[in-house]
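Engineer: Would you be able to build a 3D model of this:
(2 chains)
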2 protein chains.
Amino acid sequence: MHAMKELWNYFNEIKTIQYIDELLGWDQSVNMPKGSIEGRAEQSKFIRELIHKKIKSDKVGELIKKAEKLNNLSQTEKALIREAKREHEHAKKIPDELVGEITKTRALGFIEWEKAREKSDFSRFKPFLQKMVELRIEFAEKLDTGPTLYSTLIDLFEPGATYNWVAKIFSQMKSSIVKIVKKLNNSSDKPNQSILKKYYDPEKQWQLSNEIIKKLNFDLNIGRQDKSTHPFTSSLSSVDTRITTRIWEDFLPACIFGTIHECGHALYEMGFDEEIHGTFLADGCSMGIHESQSRLWENIVGRSREFWVYWYPIFKKTFPENLKDYSMEEFYRSLNVVQPSFIRVEADEITYGLHIILRFELEKMMIEENLQIDELPEIWNTKFEELFGIVPPNDKEGVLQDPHWIGGYGYFPTYALGNLYGAQIYHKVLKDNPKLPQDYEKGEFSNLLSCLKENVYQYGKIYRASELIKKITGEDLNPDYFIKYAENKFYPIYGF
Amino acid sequence: MHAMKELWNYFNEIKTIQYIDELLGWDQSVNMPKGSIEGRAEQSKFIRELIHKKIKSDKVGELIKKAEKLNNLSQTEKALIREAKREHEHAKKIPDELVGEITKTRALGFIEWEKAREKSDFSRFKPFLQKMVELRIEFAEKLDTGPTLYSTLIDLFEPGATYNWVAKIFSQMKSSIVKIVKKLNNSSDKPNQSILKKYYDPEKQWQLSNEIIKKLNFDLNIGRQDKSTHPFTSSLSSVDTRITTRIWEDFLPACIFGTIHECGHALYEMGFDEEIHGTFLADGCSMGIHESQSRLWENIVGRSREFWVYWYPIFKKTFPENLKDYSMEEFYRSLNVVQPSFIRVEADEITYGLHIILRFELEKMMIEENLQIDELPEIWNTKFEELFGIVPPNDKEGVLQDPHWIGGYGYFPTYALGNLYGAQIYHKVLKDNPKLPQDYEKGEFSNLLSCLKENVYQYGKIYRASELIKKITGEDLNPDYFIKYAENKFYPIYGF
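Structural biologist: Got it, this is the predicted structure:
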């Protein structure tokens, strides 16, 4: 068989197995009975080892070498070779024992993290975190793909990115955010969230969230929405993308914006070109680009005034008691309160970046600067105060709030990159289609979806993020677009 | 490694993959979006081929040979070797192409069956049925494990059973059933189903069905109930057994007894001894024994007077409008109407056996006696009239009602064997624990469950059905227990 065809087939099969892994995970979060974890763990272990074995095999190494020598390769073929090679080399470099050790530590540590957070007791989480830092340092040393250890880890989620590149971008972003937050804080006409902090019937929230995804063109013929503790998006095949949401009775935005956020991820996954369906390229370009789409839909669209021109009357009808005394404008402003807060997942779209910068700096210290894990809570609090001007009252609302560090390091930065990519892409799309926001006022989002599909979604993993952003916008990632977007949006909301 | 330990590990892994296959199927029936079939088909194909390859491998053949030579094997070890060998030899004998052809014909034929049934048009189903009969004959010829072709196919579902053995048992059963039905038909005080054929709120039916399974000790910590078009039970691991039910607005028994039926299957699956959890022996002894447990709970327990002493007041409270004018006795009698009817799945527990005998005789003719598929609808109707005294008005209510024949032959007999095994096992359990029915009046079923677990469930696939029934009751399968049960129950209901 032609080497290229063989390579496609080989990695299509791996993709099939990865989809099965996704189903195992989706079912575990959404449906699986509480007492069934042991059986499921066995199944996930088997499937992951199978994927690992297949990616690592010498056969695929030879296949890649053969394919690399071919002439006249298309962009897509080159991309497959690039991704196949990347995964194969990663797998070859990391000993199976280390993979096993990381998996085990993460599983045990996650359980301990849950308890530690519950009790706000960092000491019980500490040994696991300590262990994971050591394992990930060893992992990065073995992998050795980036200029520094932490860069190597960042590259796992944002291929091609380095610590220096991210640090430079974050530094620009940080000073602008601090400036904006300061100015907003001086406003004499601040919006507040009291409208949103009432009892909103969960069943009605659920129904609205389903109406919203329909309007956003989430395709229920090849997708579904469910409820879970933590919202997430999962593709179980190229024609099966599922999202989840969570509902808080006393805070409306959790469900609504959680839903729109995951819907953004899902629209991306549903928008890959058919040519790459079921292939190894049917995946997001990078975590940052993926997050750019969830945040674009959630924040730039979902928290826009135009969006609520259409939806507010529907919400008002659904929750007449709660909303009858408020104008659309008041509701819109309440959705866009900017203020320092302790918990990342509850942060507004502006201060969010500061939460990420904090984690980015701490990750660097843990991986490269021998930060003593003992000191982590204190350093967290000190840095938090520097960035936000407030100090977490306890570790539950501080260093213990996120589970990510029991898995790995380098993922957090992609969240903030997402905001930046999103603003830059949206700026270009809006320049080409200045009337788009008028659509939102009519509950019409298919033109925006088409633009994003054409510019971003269709390509899946064909381009690297740096190539894609340049291809779409003609320049490299530039935080100015996000800053301009933020100023243009929030200064008026705060009466400037 | 010790050969026996290696064999356990090898087949535990196969079991793990089979559980994954179960999840793929469960999700497809319960959750999967309509448009996602193509991706799922790819995944199921991959997983099934993986199972097939593993069972067929020469490595496992050698492993079995080594294990067979070991001394002092326990009953459980012997059972594993027996089952491993059986599956291995089956897989070796059947060419992969034939497996593929059967899978393809079944998939295409099933779609065509649905349309054919809908339109009551046998001609469009015929070519697929014809093809499947040919494939299954070839399959039986290649397998060649039984004294005749049809015996070989029966053995797939009821290991050790032959056509002659089943025919002899069914012949005894048939004459007794015909006698009972005739007598009941002459009653001047027949119960009727009008109470059950009213509008019963689907949501309330659903809630009651959930209350019932809780009382029956279905363990919701390692199981769940959902809705699906066709009710089924699926074990996704040794600690994850799920059932489904369907709800008919205008006929109460569909949901209630569907639920109890599947719950019976599930209690079996939940009751395997921990020693065999996750192993190849964590499975029902045979389809007949499995069905005996679903029918025991559904009919012997669920349609008993004692059961409704507890549940009728609850039902009356839930559906006061529908039930206020009826006594418990009237309701109980309405659940136990015996009368000829066209559709197997709606048949009462007595005439049910005749539906199976019809299919058993036709399968024999198709597989061994060159029955022309053209003539099947007519022969169905003729035989139906002989057995029931009525003629199906169309093929939808005749030969087209079941999808089984687009899959295979030899499965149907196990349904009726289930009734017989169930009655014989229950007779023994009741003899040892004569006060059990008093429990049901209090909504208490744990003593019955313990008896069944001790006698049946714990052993999983360790014993063959013929061994198990002898071990429990001291004799071979004997239809007299079912006949006696039927007479003792139904003659009084019909005023004799």
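
Engineer: Find the closest residue to chain B in the stretch 1-150 of chain A.
Structural biologist: residue A:39 (2.3 Å; Cβ to the nearest Cβ). For the C-beta atoms, the positions are set from N, CA and C on the backbone; glycine is no exception.

Engineer: Now for that residue, how many residues are close by?
Structural biologist: Neighbour count of residue A:39, defined by other Cβ atoms under 10 Å in any protein chain shown: 22.

Engineer: What helix or strand is it located in?
Structural biologist: Applying DSSP states H and E as the criterion places residue A:39 in helix A:37-56.

Engineer: Pull out the buried residues from the helix or strand following that helix.
Structural biologist: As assigned by DSSP H and E, the chain's next helix or strand after helix A:37-56 is helix A:58-68. For helix A:58-68, a neighbour-count test (16 or more other Cβ atoms under 10 Å in any protein chain shown) marks A:60, A:61, A:63, A:64, A:67 as buried.

Engineer: on that earlier part again, now do the contacts for the residue of the stretch 1-150 of chain A closest to chain B.
Structural biologist: B:19, B:236, B:237, B:238, B:239, B:240, B:278 (Cβ atoms under 8 Å, 6 or more residues apart in numbering or on different chains).

Engineer: And it, how close does it get to residue B:243?
Structural biologist: Counting by Cβ to Cβ, to the nearest Å, the gap from residue A:39 to residue B:243 is 17 Å.

Engineer: now do residue A:98
Structural biologist: To residue B:243, residue A:98 is 42 Å away according to Cβ to Cβ.

Engineer: Neighbour count for these two, which is higher?
Structural biologist: residue B:243 (27 against 15).

Engineer: Specify the local secondary structure of that one.
Structural biologist: strand (DSSP: H, G, I helix; E, B strand; the rest coil).

Engineer: before we move on, which element is the residue nearest to it when sequence neighbours are not counted in?
Structural biologist: Closest residue to residue B:243 apart from its sequence neighbours, by Cβ to Cβ, 6 or more residues apart in numbering or on different chains: residue B:262 at 3.8 Å. Element membership for residue B:262, per DSSP H and E: helix B:253-270.

Engineer: by contact count, what packs against that helix?
Structural biologist: Helix B:253-270 makes packing contacts with helix B:202-215, strand B:223-227, strand B:233-237, strand B:240-245, helix B:287-295, helix B:446-455 when contacts are defined by 3 or more Cβ pairs under 8 Å, 6 or more residues apart in numbering or on different chains; DSSP states H and E.

Engineer: how about a cut-off of 7 Å?
Structural biologist: The helices and strands touching helix B:253-270, judged by 3 or more Cβ pairs under 7 Å, 6 or more residues apart in numbering or on different chains; DSSP states H and E, are helix B:202-215, strand B:233-237, strand B:240-245, helix B:287-295.

Engineer: What about residue A:410, how many residues nearby?
Structural biologist: By other Cβ under 10 Å, the burial measure for residue A:410, its neighbour count, is 28.

Engineer: related to what we said a few turns ago, got the buried residues of helix A:58-68 as TSV, with pLDDT columns?
Structural biologist: Below are the buried residues of helix A:58-68 laid out as TSV (pLDDT from 0 to 100):
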residue	pLDDT
A:60	96
A:61	96
A:63	97
A:64	97
A:67	97
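
Engineer: Turn those residues into JSON lines, columns for distance to chain B.
Structural biologist: Formatted as JSON lines, the buried residues of helix A:58-68 follow (distance: Cβ to the nearest Cβ, whole Å):
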{"residue": "A:60", "distance to chain B": "17"}
{"residue": "A:61", "distance to chain B": "22"}
{"residue": "A:63", "distance to chain B": "19"}
{"residue": "A:64", "distance to chain B": "22"}
{"residue": "A:67", "distance to chain B": "23"}
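
Engineer: Farthest pair within those residues?
Structural biologist: Pairwise distances across the buried residues of helix A:58-68 peak at 11.0 Å for A:61 and A:67 (criterion: Cβ to Cβ).

Engineer: if I pick the closest residue in space to residue A:116 that isn't next to it in sequence, what's in contact with it?
Structural biologist: In space, residue A:116 comes closest to residue A:125 once its chain neighbours are excluded; the distance is 3.7 Å by Cβ to Cβ, 6+ apart. The contact partners of residue A:125, by Cβ atoms under 7 Å, 6 or more residues apart in numbering or on different chains, come to A:112, A:113, A:116, A:400.

Engineer: Show me what stretch A:45-54 is in contact with.
Structural biologist: A:14, A:17, A:18, A:20, A:21, A:24, A:91, A:99, B:13, B:16, B:17.

Engineer: And for stretch A:71-90?
Structural biologist: With Cβ under 7 Å, 6+ apart, stretch A:71-90 has contacts from A:4, A:7-8, A:11, A:55-56, A:60-61, A:64, A:67-68, A:143, A:275-276, A:280-281, A:461-462.

Engineer: Give me the residue at the spatial middle of chain A.
Structural biologist: Nearest to the mean C-alpha position of chain A, by Cα atoms, centre = their mean, lies residue A:291 at 4.1 Å.

Engineer: Now do it against chain B, distance only.
Structural biologist: Going from residue A:291 to chain B by Cβ to the nearest Cβ, to the nearest Å gives 25 Å.

Engineer: gap between the residue nearest to residue A:116 and residue A:117?
Structural biologist: Applying Cβ to Cβ to residue A:125 and residue A:117 gives a distance of 8 Å.

Engineer: shared neighbours, the two?
Structural biologist: residue A:400.

Engineer: For the stretch 251-400 of chain A, what lies in contact range of chain B?
Structural biologist: Residues of the stretch 251-400 of chain A lying close to chain B (Cβ under 7 Å from any Cβ of the partner chain) are residue A:278.

Engineer: Okay, helices next: where are they in the stretch 101-250 of chain A?
Structural biologist: Shown for the stretch 101-250 of chain A, the helices assigned by DSSP state H, counting those that start in this stretch span residues A:122-143, A:149-157, A:163-185, A:202-215.

Engineer: and the last one with chain B, contact?
Structural biologist: In this case it means helix A:202-215. No: Helix A:202-215 lies apart from chain B when judged by Cβ under 7 Å from any Cβ; the minimum separation is 12.8 Å.

Engineer: Check the residue of the stretch 201-350 of chain A at minimum distance from chain B and give its pLDDT.
Structural biologist: With Cβ to the nearest Cβ as the measure, residue A:237 is the residue of the stretch 201-350 of chain A nearest to chain B, at 2.3 Å. Looking at residue A:237, its pLDDT is 97.

Engineer: do residue A:1 as well
Structural biologist: pLDDT for residue A:1: 68.

Engineer: And residue A:107, by the same measure?
Structural biologist: Per-residue confidence (pLDDT) for residue A:107: 89.

Engineer: what's the closest non-adjacent residue to it?
Structural biologist: Nearest non-adjacent residue to residue A:107, counting by Cβ to Cβ, 6+ apart: residue A:41, 7.6 Å away.

Engineer: tally of neighbours for that neighbour?
Structural biologist: Neighbours of residue A:41 (other Cβ under 10 Å): 15.

Engineer: distance of it from residue A:32?
Structural biologist: Distance of residue A:41 to residue A:32, computed by Cβ to Cβ: 11 Å.

Engineer: now do residue A:361
Structural biologist: As judged by Cβ to Cβ, residue A:361 and residue A:32 stand 37 Å apart.

Engineer: Between those two, point out the one with more neighbours.
Structural biologist: Taking other Cβ under 10 Å, residue A:361 and residue A:32 do not tie; residue A:32 has more neighbours (22 against 16).

Engineer: hang on, isn't the more buried one packed against residue A:40?
Structural biologist: Yes: using Cβ atoms under 7 Å, residue A:32 is in contact with residue A:40, at 6.1 Å.

Engineer: could you pull out the helices for the stretch 301-450 of chain A?
Structural biologist: A:305-318, A:320-323, A:328-334, A:352-368, A:376-388, A:412-432, A:436-441, A:446-455.
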